[in-house]
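Novice: make a model of this:
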Amino acid sequence: MKKFLKYFLSTIVVLMTLFFLQELLVPKYVTDLPEGSMISEYYDEERMDHDVIFIGDCEIYENYSPITMWEEYGINSYLRGTSQQCMWQTYGVLEDTLKYETPKAVVVNVMSMRFNEPQSEAYNRMTLEGMRWSKTKVDTIKASMMKNETFISYVFPMLRYHERIWELTEEDFEYYLKSDKVVHNGYLMRVDIRPVDYIPTAKPLGDYSFGENAWLYLDKIRETCEAKGVELILVKAPSVYPHWYDEWDENIVQYAAEHGLSYYNLYYVADEIGIDYQVDTFDEGLHMNLTGAEKVARYFGRILQEEHGIPDRRGEEELSRIWEEKIAFYEADRIAKEAAWEEEQKREEE
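Specialist: Next comes the predicted model:
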C-alpha cells in the first residue's frame, strides 16, 4: 500500500510539474499578439444570449464595434473573429458557438473563401488553441492542420512550444496563470492612423472560381444555420487590400441569390458609410481603426435592425448594466491607446 501511495504521489507531482511548465511555455497573447486571446475570451461572457454573432477573419474583429452597435441601436452582439480564419474554422467556430447560444443572425465574412487549403500553423493555433475541447474542436483541428503539424501537439502544446523556454519574457511570468481582457466583445481596438497612400495593382487570375473545400464549408455553415433557425448574412468588409476581385464578388452574389441570403459588400458603399481612408485605417487600408470601425458599426447596425429585425434591448435592466461595464472598459482602453499613440507620434517627430 505504501509503495502504491508513493507511486501515486510521484505521478501527481510529475503531472502537476508538466502542467505548470506547459502553462509557462504557451504564448500568453496579451500584449504580444492579442489576436490569440480572442477565441477564449468568448467563454468569459456573463450572458450568452447575443442576438448577432459575427464570425470570420481579421475583417471581422477589426472592422465592427459591438459597443457602438449597442449604444446606437441596442444590438447585443459578439465578434468571433481570428487572424486568417479559413472557412472550415469559421464553420467550427459557428458549431462551437451554437453549443452555448442560438443567435437570431450569424454574420460571416467571405474574404476567406479565397483559401481552399490550410495556410499557416501560426494562424491555426491562434484560432484553435483557445477553443474549449469538444468533438468540434477535434474536427476543426484535423481540417486545419498543415502537413508538418501533429494532432498531439494541440493536445499537449508543450510539445510545440518547448523551445520557448529560451525565449520567455516578462509577459510569460506576469500572465502565468491569469490573463487580462484584450477585446471588446471580440473587437480588437486600434486607434493609430496609417492612411492609404498606395493601392497595389491587382494581378489578373487565371481562374476566379473558389475551391471545392471553401464552398463545402460555406454550405455547411448555411445548412447549420438553417437547421437552427438562424439567419445567415454574408458580408465583405470595406478594406481596399487584399484585393477582392469583382469576379469573386459575383460568385458570392450568385450564391446568396440561389439560397435566399443577404450579402453586403461594404467596400462598394464606403462613401455612404462615411469612411475616409486617410484617417479611418491603421494599416493603409487593410483594416479600419477605431473611427472606421465605429462608422461601419453605425451603418451595418442600422441594416441589422431595419432589414433583419434585430431588436433594441437597451430596455433590459440586467443586460444594460452589463453593457455599461463594457462601455466603461471600452472608453478606458480608448483613452490609454490614444495616449500611447500620441507618445509614439511625438517620438517619431523628434
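Novice: neighbours around residue 191, how many?
Specialist: 18 (other Cβ atoms under 10 Å). (C-beta placed from N, C-alpha, C; glycine too.)
Novice: and it, which of the three is it?
Specialist: Classification of residue 191 using DSSP: H, G, I helix; E, B strand; the rest coil returns coil.
Novice: wait, doesn't it sit right on residue 338?
Specialist: Yes: counting by Cβ atoms under 8 Å, residue 338 is a contact partner of residue 191 at 5.1 Å.
Novice: so which residues of the stretch 51-200 of the chain form helices?
Specialist: Applying DSSP state H, counting those that start in this stretch to the stretch 51-200 of the chain gives helices spanning 58-61, 66-73, 87-97, 121-128, 135-144, 152-155, 158-161, 170-174.
Novice: nearest to residue 282, out of these?
Specialist: Checking these against residue 282 by Cβ to Cβ gives helix 58-61 as the closest, at 11.6 Å.
Novice: and the closest one, what other elements does it pack with?
Specialist: When contacts are defined as 3 or more Cβ pairs under 8 Å, 6 or more residues apart in numbering; DSSP states H and E, helix 58-61 packs onto strand 77-81, strand 105-109.
Novice: low-confidence stretches in this protein?
Specialist: 1-36, 158-168, 170-180, 350 (pLDDT under 70).
Novice: which residue is nearest the middle of this protein?
Specialist: residue 81 (1.4 Å; Cα atoms, centre = their mean).
Novice: how much space between that residue and residue 112?
Specialist: Taking Cβ to Cβ, to the nearest Å as the measure, residue 81 falls 10 Å from residue 112.
Novice: with residue 143 instead?
Specialist: Residue 143 sits 13 Å away from residue 112, going by Cβ to Cβ.
Novice: now residue 278, what's its secondary structure?
Specialist: Strictly by three-state DSSP, residue 278 counts as coil.
Novice: list the residues that contact it.
Specialist: Contacts for residue 278 (Cβ atoms under 8 Å, 6 or more residues apart in numbering) come out as 195, 196.
Novice: quick one, longest helix in this structure?
Specialist: Counting by DSSP state H, the longest helix found in the chain is helix 317-349.
Novice: picking up where we left off before, winner for burial among the helices and strands packed on helix 58-61?
Specialist: Each of the helices and strands packed on helix 58-61 was assessed for mean neighbour count using mean count of other Cβ atoms under 10 Å. The highest is strand 77-81, with a mean of 26.
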